[in-house]
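Q: dropping a prediction and its sequence here:
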Protein chains: 2
Amino acid sequence: MAEEPRRRGAARTDELLQVTLDLAAEVGYAGLSIEAVARRAGVGKHTIYRRWPTMAALLLDALSRAWTTDLGYHDTGDVRADLREQFLRSAPALAAPPIGPVYRAVIAEAQADEGLRATLHDRFLRTVEESTLARITRAQEAGELVGGVDLTFPAEVLCGTLYYRYLLSNRVADETTVDALLNMFMAAYGRR
Amino acid sequence: MAEEPRRRGAARTDELLQVTLDLAAEVGYAGLSIEAVARRAGVGKHTIYRRWPTMAALLLDALSRAWTTDLGYHDTGDVRADLREQFLRSAPALAAPPIGPVYRAVIAEAQADEGLRATLHDRFLRTVEESTLARITRAQEAGELVGGVDLTFPAEVLCGTLYYRYLLSNRVADETTVDALLNMFMAAYGRR
């Protein structure tokens, strides 16, 4: 009985986050507002403000949910293959419309806004890094990677390297790029 | 005799690029214009437009010159130490005022402008990647790194990883970070 309100709350959160993504795809980042999300979702705007202090925070939670739902790592027991598959699936999803331009707009705004850079990491990229770390730690425990090495920073390198191409050039994260990145990762940490 | 005009031309280019950086530090990216650089340098604006099609191109060449002049790699024969020293010198130089906010503003603008992303890479980051590749290739030739491996992408990983922290969080590229990055690089390519 006590779980019912919680379940309804989670469903409402999911719906709000989905409405946010749908609206972002339609109107772009500049056209987004908490008022517009509230109107579309049929809730009062204070319902949203209670949980999300800014539009950027709401959008980043929506991106994080999409990432967790659709872009998680598989675990086939072959860490290189699983990382490769996820990178080749997630890189285009984050770069292409409708998500791409919205995500780029948040990143652009964050360059002049230290608080937004913190939100960007706390609400979205931390999720990405932690799920990568979880996958490679499982591989380490399974003996696919060398033991006794802290993989926290390597997880960041895996996540971060492809952003460099995405944000600072027009080079894409294609198979050649992903294979070169995984060559370096496995040369460093693959069990010999 | 024939070299004199060329030397004067190079000196004028250096002066224009320095004026550009000085002015950027004073007025910020939003306040910069080719007209203002021309006025400060005492040249006609067409003199500038002949070589730089946009203000961003001029600014990125100015950053590239500053990087080449002040932020090159040393070669002490110890590749790990030389990379470490350069990363710890260049990361704060690109992040701190006066360069930091101007550089971030270009990167922000580039998020909505594919042409500017190409210019950003062609006029600045290509220089950074190529000088890193040159340093680690010398180390490979000297036997410090394993042979028979193409180091082009590893050079990109070295350059790009620290950008992820810089652009997408408030975490800094401190000694711990740089050491973790070099641990991964040397684990992958150091001669065993």
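A: Ah, there it is.
Q: use CA for all of it now, contacts and neighbours both
A: Fine.
Q: skipping adjacent residues, who's closest to residue A:18 in space?
A: Leaving aside its sequence neighbours, residue A:18 sits nearest to residue A:62 (Cα to Cα, 6 or more residues apart in numbering or on different chains; 6.7 Å).
Q: next, count neighbours for that neighbour.
A: 24 (other Cα atoms under 10 Å in any protein chain shown).
Q: my guess is residue A:37 meets residue A:20, correct?
A: Yes - Residue A:37 is in contact with residue A:20 according to Cα atoms under 8 Å; the separation is 5.9 Å.
Q: helix, strand, or coil at residue A:75?
A: coil (DSSP: H, G, I helix; E, B strand; the rest coil).
Q: tell me who's in contact with the residue lying closest to residue A:190 once chain neighbours are set aside.
A: Excluding the flanking residues, the one nearest residue A:190 by Cα to Cα, 6+ apart is residue A:145, at 4.5 Å. Counting by Cα atoms under 8 Å, 6 or more residues apart in numbering or on different chains, residue A:145 touches A:136, A:139, A:186, A:189-191.
Q: next, residue A:145: phi, psi?
A: phi -120, psi 160 (degrees, to the nearest 10).
Q: could you do the one 5 residues further on as well?
A: Per-residue torsions, residue A:150: phi -80, psi 120 (degrees, to the nearest 10).
Q: so what's it scoring on pLDDT?
A: For residue A:150, the model assigns a pLDDT of 96.
Q: so what's the residue nearest to residue A:18 up against?
A: Residue A:62 makes contact with A:17-18, A:20-21, according to Cα under 8 Å, 6+ apart.
Q: could I get those residues in JSON lines, plus columns for secondary structure, distance to residue A:71 and pLDDT?
A: Output for the contacts of residue A:62, formatted as JSON lines (DSSP: H, G, I helix; E, B strand; the rest coil; distance: Cα to Cα, whole Å; pLDDT from 0 to 100):
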{"residue": "A:17", "secondary structure": "helix", "distance to residue A:71": "16", "pLDDT": "95"}
{"residue": "A:18", "secondary structure": "helix", "distance to residue A:71": "15", "pLDDT": "93"}
{"residue": "A:20", "secondary structure": "helix", "distance to residue A:71": "18", "pLDDT": "95"}
{"residue": "A:21", "secondary structure": "helix", "distance to residue A:71": "15", "pLDDT": "92"}
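Q: what residues does chain A put near chain B?
A: Within chain A, the positions lying close to chain B (Cα under 8 Å from any Cα of the partner chain) are A:101, A:104-105, A:107-112, A:114, A:117-118, A:120-121, A:153-154, A:156-157, A:160-161, A:163-165, A:167-170, A:177, A:180-181, A:184-189.
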